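Novice: Provided below for reference: sequence and predicted model.
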Amino acid sequence: MRVALAIDLGGTETRAALVGDDGRFLAEERAPTRANDGPDAVIADMAAMAARLRAGRPDIAPIGIGVGAPGPLDGEAGISIAPPTLAGWRDVPLAARLAAATGLAARVENDANAAALGEWSFGAGVGTRDMVFVTVSTGIGGGVIAEGRLLRGRRGLAGEIGHMAIAADSKLRCACGALGCFEALASGTALGQAADALARAGGAPALLERAAGGPVTARHVGQAARDGDATALALLDEEARWLGIGFVNLLHLYSPEMIVVGGGVGQLLDLLLPGIRREIEARAMIAYRDVPVVPAELGDRAGLVGAAGLVF
């Protein structure tokens, strides 16, 4: 069995694992990301995690290192361009620096692309040739498998689906600076902000109580909706409307065999799906309406499995 050393670099947490070519995890660890301390500190921490994993399993010789990292990122060149979640990162040659620090050949990819690769190889998308993966959490990211290959585009920047403009008259500004982005309207952050504004205005006292005086988040909305709270369910219905509009665009753009949904909000897919399907039925051309929208299967391990897949 071939083994890869996989790293999932997040703005809050970094995880690393030894992963077999059958998708099995042989060792794993995680640590906070020093996101505000610049690339030198973060890369040193990644190399240290890799060293600890290898020391803990001296019987395993990984054949390379794969990294899923926040975009924008040029996977072919191995360069992290300017990720907004990592302070001081600008055109950082991440693959080259990790290779030098670990002695292993290194490949890097956008984290959402890596998760898409993981779900396609070992999760919900197994057996498909055309698949779109969407992660809905703090933001919205995605990855596209087209004709059996990860779609990268120029400089590896394809698949930034969170920045499709889906509302021309929206006043909601995205983290990228634009108005009307899919992410600004349908992310977990957007859901939480809508719920918090409603609660502060007196329209959702039960949500305010759940938040115990703090900001109401998408997690609170999901918990309340699971308990049958009518206000939370109405908020999810609006969330489903925006997700459905975005998914219709993805259907028309990529004609996938399925859309796979992950991320924190993706865990509410069973509650969101009726509203999503309603938008697809109303807006998509007939030939696209039978495409299934399914939950991701690998959870938070999709990125690590996909990072390992970069090596294999």
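Specialist: Everything's here; your move. Numbering: from 1, shown residues only.

Novice: helices or strands up against the helix or strand of the chain with the lowest mean pLDDT?
Specialist: Sorting the helices and strands of the chain by mean pLDDT, DSSP states H and E puts strand 73-74 at the bottom, at a mean of 90. Under the contact criterion of 3 or more Cβ pairs under 8 Å, 6 or more residues apart in numbering; DSSP states H and E, strand 73-74 touches strand 106-110. Just so you know, the C-beta spots here come from the backbone N, C-alpha and C atoms, and that holds for glycine as well.

Novice: hey, where'd the strands end up in this structure?
Specialist: 3-9, 13-20, 25-32, 65-69, 73-74, 79-80, 106-110, 131-136, 140-146, 149-150, 258-262, 293-295 (DSSP state E).

Novice: what's the spacing between the third one and its chain's center?
Specialist: So the one you mean is strand 25-32. Here strand 25-32 is found 19 Å from its chain centre; the criterion is Cα atoms, centre = their mean, to the nearest Å.

Novice: How about stretch 280-295?
Specialist: 22 Å.

Novice: which outside residues touch that stretch?
Specialist: With Cβ atoms under 8 Å, 6 or more residues apart in numbering as the test, stretch 280-295 has contacts from 124, 244-245, 247-248, 251-252, 255-262, 266-267, 269-270, 273, 276-277.

Novice: Check those for burial and list the buried ones.
Specialist: In the contacts of stretch 280-295, burial by neighbour count holds for 124, 244-245, 247-248, 251, 256, 258-262, 266-267, 269, 273, 276-277, counting by 16 or more other Cβ atoms under 10 Å.

Novice: How much space separates residue 187 from residue 136?
Specialist: Separation of residue 187 from residue 136 (Cβ to Cβ, to the nearest Å): 6 Å.

Novice: re earlier: in JSON lines: the strands of the chain, plus distance to residue 52.
Specialist: Below are the strands of the chain laid out as JSON lines (distance: least, Cβ to Cβ, whole Å):
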{"stretch": "strand 3-9", "distance to residue 52": "11"}
{"stretch": "strand 13-20", "distance to residue 52": "8"}
{"stretch": "strand 25-32", "distance to residue 52": "7"}
{"stretch": "strand 65-69", "distance to residue 52": "14"}
{"stretch": "strand 73-74", "distance to residue 52": "25"}
{"stretch": "strand 79-80", "distance to residue 52": "23"}
{"stretch": "strand 106-110", "distance to residue 52": "17"}
{"stretch": "strand 131-136", "distance to residue 52": "28"}
{"stretch": "strand 140-146", "distance to residue 52": "28"}
{"stretch": "strand 149-150", "distance to residue 52": "29"}
{"stretch": "strand 258-262", "distance to residue 52": "28"}
{"stretch": "strand 293-295", "distance to residue 52": "33"}
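
Novice: Take stretch 80-94, keep the C-alpha atoms, and write them as PDB.
Specialist: What follows is stretch 80-94, C-alpha atoms only, in PDB (Å, rounded to 0.1, in the frame of the first residue of the first chain):
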ATOM      1  CA  SER A  80      -0.300  30.400  -2.400                       C
ATOM      2  CA  ILE A  81      -1.300  33.700  -4.000                       C
ATOM      3  CA  ALA A  82      -3.100  35.800  -1.400                       C
ATOM      4  CA  PRO A  83      -5.400  33.900   0.900                       C
ATOM      5  CA  PRO A  84      -7.500  36.300   3.000                       C
ATOM      6  CA  THR A  85      -7.500  33.900   6.000                       C
ATOM      7  CA  LEU A  86      -3.700  33.900   6.300                       C
ATOM      8  CA  ALA A  87      -2.000  37.200   7.200                       C
ATOM      9  CA  GLY A  88       1.100  38.200   5.300                       C
ATOM     10  CA  TRP A  89       0.800  35.500   2.600                       C
ATOM     11  CA  ARG A  90       1.500  36.800  -0.900                       C
ATOM     12  CA  ASP A  91       2.900  34.600  -3.600                       C
ATOM     13  CA  VAL A  92       4.300  32.100  -1.100                       C
ATOM     14  CA  PRO A  93       6.000  29.100  -2.800                       C
ATOM     15  CA  LEU A  94       4.300  26.700  -0.500                       C
END
